[in-house]
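Engineer: Structure of the sequence below:
(chains A and B)
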Amino acid sequence: MNEENDILISRYLAADMGLPELAAFEARLAAEPALAAELQRRKEELTFFRTEAALPDLEAQMATLATQHFQSAPEGELGQEAWTQVQGKGKKEQGKKGGQTAKIRTLNWKRWLPATGIAAAVALVLLIWNPFSTDPYQQFALHAPLYLTEKGDAAAEAATAAQQAFNAGDYAEAHSQLILYLQQNPDDNEARLAFGIAALETDRDAEARAIFIELANGTTAFKDDGQFYLALAYFKAGDTRAKAELEKISPDNSDFGVRVLEMLQLVE
Amino acid sequence: MTPHADHSLILALREGDFSILNRVYADNAATTTSWITKNSGSLADAQDVFQEGIIALHQKANDPDFVLTCPIGALLFRICQNKWLYALRKKKRSVEVRDALPTAYSNEGNVHDLLEAVEEEGIRQRKMKIAFAELSELCQRLLQLLAKGLPAAKIAAELDMAEANTVYRRRHACGDRWRKLYERS
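Structural biologist: Just a heads-up that it's a prediction; the model follows:
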């Protein structure tokens, strides 16, 4: 970028141009892609500066909100530092992250001893029940949350109930509510996919596969989801058809590629 | 492109009105926490990933051309999901990481496109920050003052430069240097 054009862009962004000069510059922008691209890069720089300027306030707000929204699980009752120490990484992580205000976590020392006992028990349970080492299906059954209530008023009650149940992992309840929802919204493919997942999670494998096959054979945005979940259903059942279904999914698929590669290693 | 109703939250982030984050946390923190803790993560991991997701969203919100066309929760969850899957990939080492970043996204869904835009913005801003730190103090100050929208004449006075045009010429030199450092980072 030559200096003359760069200065013009600076003055344009600073609203430091008279009307005739502004009109001439905008005409050049329309006719000269390189100049327009340079203006776009300068706008990206401004986006960066806006982010940097607001970051301290954002981090302060996140630190406040973290204490309200990340303390309800059992780990929260322990105090985060206790939890991370039990996991054997407390000091190391604190050292790495100490400079970020939003990540400061406090320890309630009065609860230290009972917390240690509880945390040790939790750690023992996690050691025994490790989804990544004992149940391959659980390793790959990572379901995205369901958002049905965004879609309008039709079957709003069932949508809310189904969404809450599904996102809480209560797949039996989600299955029941999705039946009601789909009676009024039979073409909602997101709900159909969730219904298939709920069926799979509650061991209604044939019902689940039927839905996944329909989605996989369709042309909607849920085609890849149907394909992956069909493979997952076979994988869960130990069915050899899992491999063939997995091979239909590109390893570059942003949603499922990583899991597909890992699953293929297990089925081969 | 029709903005989603949640685009108002993006506009609030762009304006620095972070009070709206209470609603974003209330509606989405539990879902993300539930997913991460069910997938080999701790509450601390969930908190870290969620905060990184908010920062990523804020980075993109500052792009005046960005329009949110899906529920903010859906996009935020996908950002967090990708961050956690990437962290798991690094931890497990069983899957080859072919690129430094998740692979390109298909165009079949609106969320995918927005996710890609958010992640590109995150990469760009991270590289800009690294390069910016390498600039001289005077260049940093000059670029920051111009970005704030201060008149060039005022900046000239503040930085002891002869006139507004000197500010613009100096900006060209600083911007050029920043660009070279960015491309090297």
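Engineer: quick one: the helices in the stretch 151-268 of chain A?
Structural biologist: Counting by DSSP state H, counting those that start in this stretch, the stretch 151-268 of chain A has helices at residues A:156-167, A:171-184, A:189-201, A:205-217, A:223-237, A:241-246, A:257-267.
Engineer: Chain B contacts on the stretch 151-268 of chain A?
Structural biologist: A:167-169, A:221, A:223-224, A:252-254, A:257-258, A:261-262, A:265 (CB under 8 Å from any CB of the partner chain). In short, each C-beta sits where N, CA and C put it, glycine included.
Engineer: Any regions of the chain where pLDDT drops low?
Structural biologist: No chain specified, so I'll use chain A. The model of chain A has pLDDT under 70 over residues A:72-134, A:150-154.
Engineer: try again with chain B
Structural biologist: Within chain B, the stretches falling below the threshold (pLDDT under 70) are B:92-109.
Engineer: center of chain B, which residue is that?
Structural biologist: Geometric centre of chain B, nearest residue: B:Q59, 2.8 Å, by CA atoms, centre = their mean.
Engineer: who's in contact with that one?
Structural biologist: The contact partners of B:Q59, taken as CB atoms under 8 Å, 6 or more residues apart in numbering or on different chains, are A:T47, A:T51, B:V118, B:E121, B:G122, B:Q125.
Engineer: Inside helices: which ones of those residues?
Structural biologist: If you go by DSSP state H, the contacts of B:Q59 have A:T47, A:T51, B:V118, B:E121, B:G122, B:Q125 in helices.
Engineer: ok, the last one to B:V111 distance?
Structural biologist: Between B:Q125 and B:V111 the computed distance is 21 Å (CB to CB, to the nearest Å).
Engineer: More neighbours: which of the two?
Structural biologist: A side-by-side neighbour count of B:Q125 and B:V111, using other CB atoms under 10 Å in any protein chain shown, places B:Q125 first with 23 against 20.
Engineer: need the contact list for the more buried one.
Structural biologist: A:T47, A:F48, A:T51, B:Q59.
Engineer: Out of the residues you listed, grab the one that's most surrounded.
Structural biologist: Busiest of the contacts of B:Q125 [other CB under 10 Å] is B:Q59, holding 26 neighbours.
Engineer: host element of it?
Structural biologist: Taking DSSP states H and E as the criterion, B:Q59 maps to helix B:43-61.
Engineer: which of the residues in the helix or strand containing B:N165 are buried?
Structural biologist: Using DSSP H and E, B:N165 maps to helix B:164-184. Buried residues in helix B:164-184, counted by 16 or more other CB atoms under 10 Å in any protein chain shown: B:A164, B:V167, B:Y168, B:R169, B:R170, B:R171, B:H172, B:C174, B:G175, B:W178, B:L181, B:Y182.
Engineer: Distance check, the nearest residue to A:E38 once chain neighbours are set aside against A:Q183.
Structural biologist: Excluding its sequence neighbours, the residue lying closest to A:E38 (CB to CB, 6 or more residues apart in numbering or on different chains) is A:M1, at 5.2 Å. A:M1 sits 61 Å away from A:Q183, going by CB to CB.
Engineer: picking that back up, want to throw the helices of the stretch 151-268 of chain A into JSON lines with mean neighbour count?
Structural biologist: Compiled in JSON lines, these are given as follows (neighbours: other CB atoms under 10 Å in any protein chain shown):
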{"stretch": "helix A:156-167", "mean neighbour count": "20"}
{"stretch": "helix A:171-184", "mean neighbour count": "19"}
{"stretch": "helix A:189-201", "mean neighbour count": "24"}
{"stretch": "helix A:205-217", "mean neighbour count": "18"}
{"stretch": "helix A:223-237", "mean neighbour count": "23"}
{"stretch": "helix A:241-246", "mean neighbour count": "19"}
{"stretch": "helix A:257-267", "mean neighbour count": "18"}
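Engineer: As TSV, those helices with distance to B:A74 would be great.
Structural biologist: Rendered in TSV, the data for those read as follows (distance: least, CB to CB, whole Å):
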stretch	distance to B:A74
helix A:156-167	12
helix A:171-184	18
helix A:189-201	10
helix A:205-217	18
helix A:223-237	14
helix A:241-246	26
helix A:257-267	20
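Engineer: Indicate which one of the ones you listed is closest to A:L35.
Structural biologist: Closest to A:L35 of the helices of the stretch 151-268 of chain A is helix A:257-267 (CB to CB; 38.8 Å).
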